[in-house]
Every structure is written in C-alpha cells, then in structure tokens.
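J.: need a structure here:
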Amino acid sequence: MFEHHGDPTARSNALEVEVGARIRKLRKSLGVTVSELAQSASISAGMLSRIENGYTSGSLSTLQRIAAALNIPIASFFAEVGQKRDATYVKAGQGLGIERRGSSQGHIYQLLGHQLRGEFAVDPYLITLDAGSVTHPVFKHEGVEFIYMLEGVMVYQHGAQDYDLCSGDSLFFDSDTMHGPIELKELPVRFLSVIVSSKG
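T.: Numbers count the residues shown, from 1 in each chain. Here you go, the predicted structure:
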C-alpha cells in the first residue's frame, strides 16, 4: 500500500495508518462506537475518526487519552510483534463502560483491560447489578468464564445447575452454555468476570 524508499514522510504516513488501524480494530473488538470511545477519551468523534483512518497523527496526549479509555498502555499502539507487553492499570471507577452484546438490562459492565496478543482474547470486567437489573440466564458466548464475587448475594444459573454465590465465592465454567443471574438476594451485587475466548 505504501512505498517507503527511505522517504521519512512515507514512513510517517505508514505509522499513522498503522496506529489508526490498531485503535479501530481494538475499538470494534470491544463493540464500542466511535462516539463512545471519543467521549471516554474527551476528544471529538471527528478527530478519532481521522486518527483511525490515518489522516492525522494524534498528539501524544491525545493518544494517551485514547489508550486510557481503552485501558491499554500507549506503547501498544506502536509495539512490534513479540515485544513484551506492559501492564494495564485502571483507577477505581474508571473502567471503560461496555454494553456487551446479549447483556441484560441494568447490568453495568466496566472493562478493566484487554489482551491484545496471542491466540486468545482475555477480557476482565467489573459487573454491577442493582434493583433495576434484569435477572434471567440469557448469556451464551464462546470460551470460558471465571467469576469472583465481591459484594452481595445472588443465585447464578449455569445450564441446569443453580449456585448460591456470596462475597468470596467463585465459579469457573464453559460459557457456551446458557448462564446468568436468576435471583438477586442482597444488593448491590458486584463481581469480577474474566472471559477467555479464541480469536480464531
């Protein structure tokens, strides 16, 4: 697509396209719209669109805000294959809000990080359920899931089995079987959910 031939301008344009493509790919993999990510990063949707399409190179501060909104290190935008990955750090209450496909009404998902490399996608979430949350097992997706209860009490169904979960309890299961909370006994319910699935 681009011929460098030692031309620094061509190299710069190619880098803009590569960085933009990485941002767009990650955003889409999370099911986040341009407007949603732009709002989380405190930039305009137009600016984010231009960055994603390689028409402009965002300033370092702009790229840092995008990286923070996606909960990834800014180095991930420039990393070469095989380079050691930095850690993801998310301040309390600053996880990216996600509306997962198939999620029930009133289920608040906060994405706490995202695995960018390797054969598997790894997505850790902080999930909050309150009085307005719908309860019935409607979730079914590829991979496996691990949940760890932080607060509250709920009955969680996986297939034909029901589990009473309270603070400190955990559950690990194949997530291609119908699963989800069917009764909220003590509110609010807060738990960590780590979903691992194949990228293939």
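
J.: switch to C-alpha atoms for all contacts and neighbour counts from now on
T.: OK.

J.: which stretches of the protein have low pLDDT?
T.: Residues of the chain meeting the criterion pLDDT under 70: 1-13, 79-89, 96-106, 114-118, 137, 199-200.

J.: now do 50
T.: Counting by pLDDT under 50, the ranges of the chain that qualify are 1-11, 80-84, 101-104.

J.: What segments of it are strands?
T.: Per DSSP state E, the chain has strands spanning 96-98, 108-111, 120-129, 144-158, 161-166, 170-174, 179-198. These are given in chain order.

J.: can you list those in JSON lines and add mean neighbour count and distance to Ala14?
T.: As requested, the strands of the chain are arranged in JSON lines below (neighbours: other C-alpha atoms under 10 Å; distance: least, C-alpha to C-alpha, whole Å):
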{"stretch": "strand 96-98", "mean neighbour count": "20", "distance to Ala14": "29"}
{"stretch": "strand 108-111", "mean neighbour count": "21", "distance to Ala14": "30"}
{"stretch": "strand 120-129", "mean neighbour count": "20", "distance to Ala14": "26"}
{"stretch": "strand 144-158", "mean neighbour count": "19", "distance to Ala14": "37"}
{"stretch": "strand 161-166", "mean neighbour count": "16", "distance to Ala14": "51"}
{"stretch": "strand 170-174", "mean neighbour count": "15", "distance to Ala14": "41"}
{"stretch": "strand 179-198", "mean neighbour count": "19", "distance to Ala14": "29"}
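
J.: Can you say which of the ones you listed is nearest to Ala69?
T.: With C-alpha to C-alpha as the measure, strand 96-98 is the member of the strands of the chain nearest Ala69 (6.0 Å).

J.: Grab the most central residue of the chain for me.
T.: What sits nearest the mean C-alpha location of the chain, by C-alpha atoms, centre = their mean, is Leu111, with 4.5 Å.

J.: Quick one, which of the strands of the chain gets closest to Glu18.
T.: Nearest of those to Glu18, taken as C-alpha to C-alpha: strand 120-129 at 20.5 Å.

J.: Take the closest one, keep the C-alpha atoms, and write them as PDB.
T.: Listed next in PDB are the C-alpha coordinates belonging to strand 120-129 (Å, rounded to 0.1, in the frame of the first residue of the first chain):
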ATOM      1  CA  PHE A 120      -6.900 -15.800  22.900                       C
ATOM      2  CA  ALA A 121      -8.900 -12.800  23.800                       C
ATOM      3  CA  VAL A 122      -9.000 -12.100  27.500                       C
ATOM      4  CA  ASP A 123     -11.500  -9.500  28.900                       C
ATOM      5  CA  PRO A 124     -11.800  -8.800  32.600                       C
ATOM      6  CA  TYR A 125     -15.000  -7.000  33.700                       C
ATOM      7  CA  LEU A 126     -16.300  -5.500  36.900                       C
ATOM      8  CA  ILE A 127     -20.100  -6.100  36.800                       C
ATOM      9  CA  THR A 128     -22.600  -4.400  39.000                       C
ATOM     10  CA  LEU A 129     -26.200  -5.400  39.400                       C
END
